[in-house]
Each structure stands twice: as structure tokens, then as C-alpha cells.
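1. okay, structure incoming, though there's no sequence with it:
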């Protein structure tokens, strides 16, 4: 790097990646920096996008993002710590509207409590007004009643606006029949809720077991249309086309 000029994003990234012990004061941050992939790989990975965005912001702030005085964040439970750091840098007056439910987090890479989020944003918990949703408009009563049983008792107070709906059920399926059971359930849902009703979508965790099952199900799943795997959550979705 020559003097009297801003570094390029690649140079700044490599500086972080190669000097983690001198830069990071906490072991977990040093471990994170040392695990970063080379820059030419990082620019292709969604997981590295927040860090690269922060680097570019610090090197040359985008003029189009100047003058922002209030930021509304929906699905705030899925925002990563680095994304909060970037949003805090962009927001010039530190006024916010955060909308989210920590019980709906899709990844362990996001904060499991609002306190560290407020700390990044420079806010004190006792000074932040909180409005809690008391009525749900997205799900039926059977769905909310089933979901509420998975939550602590103190958080089971949301009721549904739509009371009617089919009862929920859970089935234990042997591993050897899991692929067939998934297709059978998708067919049942599509028969019960044909177009133009919303298409039934099954989402589940992708592991080596799931991959092995999917690889053995290529033929039946050709009828279902396979969506891309989400790199941040490890989830795949199947949707009838």
C-alpha cells in the first residue's frame, strides 16, 4: 500500500485476514478473521458480504446512502452482528424501528437476545419502547397453539385472528422411508389445497443425510422443482411447479 491513498477493498480485506492477532482484542474475533477465505473466494460467498460491505463503506462511503436519519428493519431477528454494525454506521441520527421475533431466528449466526443488538446501535434497553404483538394475522389458531407449546410459558400469549384451520399432526417416519414420506405428504397437501391456493412448501434442515436422501429421490422430485439451498441457514425448499 502506498501512502496518501485509500487502500483497495482487497488490500483492506487481506490486512484483516493476515493480522488477526494484532487487530482483534477478543479470541473469537481473532478466530473469525483467521478463518476468512481468500478475497477472490470471499466476493462469491454470501456469508462474507457484510464484512466486504463494511470495508467498502469505511474506504469510500456511498453518496447515495448519505443523510439517512431513520432505518426500519423488518425480520430483525435474522440480521447478523456485522450487518448491524454496517446499519449503525449508515444511520446518522440513531433512530430506529426494529420489527422481529427471536423465536423465528433461522440461524445461530444472529444474536439470540436483543441486548447485544441495542449495544451495537448505541441504545439502552431501559430507554427503548417495546410494542409486543398480541394477535397474529398470518397463521390459524391450530398452528399458533402448536407453535406456542415450543415456547416458554411467558411467551405463549399471542392469539390468532383466524380461528378456523386444519389440525396439525406430526409423524415418526423410519429413515429408509423418509424420501417417500416427504413426497407423499407434498402430494397430500397439493391435493387438499390445489391451485390457485398457495403452493405447499416443505422446508427442512440440509445435512449429509438429507443430501443422501435427495440424491436417491431425483426422479420423484423432478415433479417438485428444487429451490436453491440457503448458504446462511442450511435450508432447502421444495415447491411443486
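-> Sure, I can see it. Keep in mind the model is a prediction, meaning the values are calculated, not measured.
2. list the residues that contact the residue nearest the centre of the chain.
-> Nearest to the mean C-alpha position of the chain, by CA atoms, centre = their mean, lies residue 78 at 4.0 Å. Residue 78 is in contact with 100, 105, 106, 107, 110, counting by CB atoms under 8 Å, 6 or more residues apart in numbering. (Glycine included, C-beta is placed from N, CA and C.)
3. tell me how many other residues crowd the fourth one.
-> Other residues near residue 107 number 13, with proximity taken as other CB atoms under 10 Å.
4. how about the first one?
-> Burial measure for residue 100: 17 neighbouring residues, criterion other CB under 10 Å.
5. quick one: it is in a strand?
-> No. Secondary structure of residue 100 (DSSP: H, G, I helix; E, B strand; the rest coil): coil, not part of a strand.
6. could you number the chain from 407 rather than 1 from now on?
-> Yes, from this point I'll number from 407; that puts the last item at residue 506.
7. show me the contacts for the closest residue to it other than its chain neighbours.
-> In space, and not counting its chain neighbours, residue 506 is closest to residue 482: 3.3 Å by CB to CB, 6 or more residues apart in numbering. Residue 482 makes contact with 504, 505, 506, 523 under the criterion CB under 8 Å, 6+ apart.
8. what's the pLDDT at the second one?
-> Which is residue 505. pLDDT for residue 505: 94.
9. spatially nearest residue to it, not counting backbone neighbours?
-> residue 480 (4.8 Å).
10. quick check: that neighbour vs residue 430, distance?
-> Relative to residue 430, residue 480 is positioned 31 Å away (CB to CB, to the nearest Å).
11. ok, the two, which is more surrounded?
-> More crowded of residue 480 and residue 430, by other CB under 10 Å: residue 430, with 16 against 11.
12. mind listing what that one touches?
-> Residue 430 is in contact with 436, 438, 439, counting by CB under 8 Å, 6+ apart.
13. would a markdown table of those with secondary structure be doable?
-> What follows is the contacts of residue 430, written out as a markdown table (three-state DSSP):
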| residue | secondary structure |
| --- | --- |
| 436 | helix |
| 438 | helix |
| 439 | helix |
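14. just give me the closest of these to residue 453.
-> Proximity to residue 453 was ranked across the contacts of residue 430 by CB to CB; first place goes to residue 438, at 11.1 Å.
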